[in-house]
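# my questions concern the predicted model and sequence given below.
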Amino acid sequence: EDRAVGQVTSAQANFMTVVVERAGAPDDGLREEGFRAGIKLLCVVRALLKKIRRRVMVGDSVLVSGIDWTDKRGMIEDVLQRRSETSDPPVANVDLLLVLFSLDRPRLDPVILNRFLVEAESTGIPLAVVLNKADLVTQEMKDSWEKRLTEWGYKPYICSVETGMGLHDMAPLLEDKTSVVFGPSGVGKSSLINFLRGKSCLPPDDIQALDEVDDEVIRVNEVSYRTGSGRHTTRHVSLLHLPFRGAMLADTPGFSYPSLSMVTINSLASLFPEVRARLEKSEFSCGFADCQHISEPDCVVGGDWERYPYYVSLWNEVHKREEHEKAVFGTKQENDMRFKVRESGVKQAEPMLELKRHRRTSRRQVRQMVDSDVREQRDEQREL
């Protein structure tokens, strides 16, 4: 058998590591569940998937073909249906988002935290807020942030990787889930994962991070004393096993500015728990069916809640982006692919035949396509 179904556990450059789950294709009548299960294959992605811009992400269930079981290599032929996904960072089939911030070094910024929370809410995936480095601040500050986040609609987990405080309470939260640690650089993502996996947080000179090894100790680094900001140590996304029942955790590169690319002006309000709570508790609806809760008359949400200025600022940002997209791209969107439903119920993308292929492509259009490919490659390099 030269085909198998597995899960992508890491992606680096043009290669992906796939852990085999079972032999054969997803729609095969007879499946050998235990056959070669657990074997790690180094795979490349089929060119057709790249042509139709079907991205393969860490966490994806994939069909691997052309397997060389001796050299442990193969080719990812198809991506099975996802139940969820995140774009920043790019991970598929996620059950829980851990929004991780530090109370100090770097100091917790409510504006940045608000942006990360909105980005996390836009995925539709359940989330939990974790505040690390509690050993560096006073009890008064910890109580203040716990009360503040509770008013925002979140129950924070306040912990310290350095002392182990509060981390054992997180084990039940992670069981039987694929979780993603989501936050800016320097807040202790790699240190948290090392702790949860029972590893030591060694300095970068003492270890070498190897994602292909299951007992890996993830590299950690210090926060810059000059700027107070974090330094990047995780360079690419990898999916790691935790010593809890059925728990997996994605280690992802830190970043400081979520794009909010999936947020629209019509969906923004629903991404704030305070707005959802006020709409549910109110006996009446807003005076306008399309109320944006921006100073409209007869609005039941109002502006007497702490994050209202953040909401208005993000609404203006998203509105400006949407107006720019309408001016540049228009409202009509054409597709270069179609989707075909197979017998197993899985949607499979196929490239559409190009119309007017007898016409020569203009030099201007060729340059535009080249520029687009270059930008896409640069984006992929940044992600890796």
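Yep, it's here.
# show me where the stretch 201-350 of the chain has its strands.
For the stretch 201-350 of the chain, the strands defined by DSSP state E, counting those that start in this stretch occupy 238-241, 248-251, 337-341, 347-351.
# please read the previous query as pertaining to the stretch 1-150 of the chain.
4-12, 15-23, 40-45, 61-68, 73-79, 85-86, 91-92, 96-102, 127-132.
# least reliable of those going by mean pLDDT?
Ranked by mean pLDDT, those end with strand 85-86 in last place, scoring a mean of 88.
# and that strand, which strands flank it?
Within its sheet, strand 85-86 is paired with strand 91-92 (antiparallel), according to DSSP bridges.
# please enumerate residues in contact with the partner strand?
Applying CB atoms under 8 Å, 6 or more residues apart in numbering, the external contacts of strand 91-92 come out as 8, 57-60, 82, 84-85, 180, 237, 239, 250, 252. Backbone N, C-alpha and C define where each C-beta goes, glycine included.
# sorry, back to before: which of the strands of the stretch 1-150 of the chain is buried the deepest?
strand 91-92 (a mean of 26; mean count of other CB atoms under 10 Å).
# picking that back up, lowest-confidence one in the contacts of strand 91-92?
Among the contacts of strand 91-92, Thr252 carries the weakest pLDDT, at 78.
# distance of that one relative to Leu98?
For Thr252, the distance to Leu98 equals 10 Å [CB to CB, to the nearest Å].
# out of the strands of the stretch 1-150 of the chain, nearest to Glu322?
Nearest to Glu322 among the strands of the stretch 1-150 of the chain is strand 85-86; the distance by CB to CB comes to 21.4 Å.
# quick one: pLDDT of Gly183?
For Gly183, the pLDDT comes out at 89.
# does it really touch Glu119, like I thought?
No - counting by CB atoms under 8 Å, Gly183 does not reach Glu119; the two are 10.7 Å apart.
# looking at those two, which is more packed in?
For Gly183 versus Glu119, neighbours defined as other CB atoms under 10 Å are more numerous around Gly183 (27 against 24).
# can you give me the neighbour number for Pro258?
The burial count for Pro258: 19, using other CB under 10 Å.
# oh sorry, the question was meant for Arg3
Neighbours of Arg3 (other CB under 10 Å): 16.
# on that earlier part again, now render the strands of the stretch 1-150 of the chain as TSV, adding distance to Ala171.
Formatted as TSV, the strands of the stretch 1-150 of the chain follow (distance: least, CB to CB, whole Å):
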stretch	distance to Ala171
strand 4-12	22
strand 15-23	23
strand 40-45	26
strand 61-68	26
strand 73-79	31
strand 85-86	23
strand 91-92	21
strand 96-102	13
strand 127-132	13
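# mind checking these for the one nearest to Lys51?
strand 40-45 (10.6 Å).
# so the closest one versus strand 73-79, what angle?
Angle of strand 40-45 versus strand 73-79, following axes from the mean of the first three to the mean of the last three CA atoms, to 10 degrees, is 60 degrees.
# where in the stretch 51-200 of the chain is pLDDT low?
199-200 (pLDDT under 70).
# so where do the helices sit in the stretch 51-200 of the chain?
110-122, 139-152, 171-174, 189-196 (DSSP state H, counting those that start in this stretch).
# number of residues surrounding Val312?
Around Val312 there are 15 residues (other CB under 10 Å).
# shouldn't it be in contact with Ile294?
Yes - taking contacts as CB under 8 Å, Val312 lies within contact range of Ile294: 6.3 Å.
# so which of the strands of the stretch 1-150 of the chain comes closest to His319?
strand 85-86 (23.7 Å).
# quick one: the closest one to chain centroid distance?
Centroid displacement of strand 85-86 relative to its chain, using CA atoms, centre = their mean, to the nearest Å, is 5 Å.
# repeat for stretch 245-252
13 Å.
# so which bits of it are buried?
247-252 (16 or more other CB atoms under 10 Å).
# next: stretch 39-59.
40-41, 43, 45-46, 49, 54, 56-59.
# distance from the chain centre to that stretch, please.
With CA atoms, centre = their mean, you get 17 Å for stretch 39-59.
# end to end on that stretch, go ahead and measure it.
16 Å (CA to CA, to the nearest Å).
# one more: stretch 292-304?
15 Å.
# would you mark the buried spots in it?
Under the neighbour-count criterion of 16+ other CB under 10 Å, stretch 292-304 has 292-294, 299-301 buried.
# next one: stretch 146-165
146, 148-149, 152, 154, 156-161.
# nearest to Thr17, of those residues?
Using CB to CB, the buried residues of stretch 146-165 come closest to Thr17 at Val161, 26.5 Å.
# distance of that closest one from Leu196?
9 Å.
# spit out the residues that contact these two alike.
Residues touching both Val161 and Leu196 (CB under 8 Å, 6+ apart): Leu167.
# report the contact partners of the nearest residue to Val180 once chain neighbours are set aside.
In space, and not counting its chain neighbours, Val180 is closest to Ala250: 4.4 Å by CB to CB, 6 or more residues apart in numbering. Ala250 makes contact with 58-59, 89, 91, 94, 178-181, 237-240, according to CB under 8 Å, 6+ apart.
# next: Trp145.
By CB under 8 Å, 6+ apart, the contact set of Trp145 is 103, 108, 131, 156, 158.
# neighbours of the closest residue to the first one other than its chain neighbours, how many?
Right, the one you point to is Leu103. Leaving aside its chain neighbours, Leu103 sits nearest to Val137 (4.6 Å; criterion: CB to CB, 6+ apart). As a burial measure, Val137 scores 20 neighbours (other CB under 10 Å).
# related to what we said a few turns ago, nearest to Ser285, of the buried residues of stretch 292-304?
Looking across these and measuring by CB to CB, the closest to Ser285 is Val300, at 6.9 Å.
# if I look at that closest one, how far off is Asp290?
14 Å.
# one more: Ser122?
19 Å.
# okay, these two: which has more neighbours?
Using other CB under 10 Å as the criterion, Ser122 and Asp290 rank with Ser122 on top: 20 against 8.
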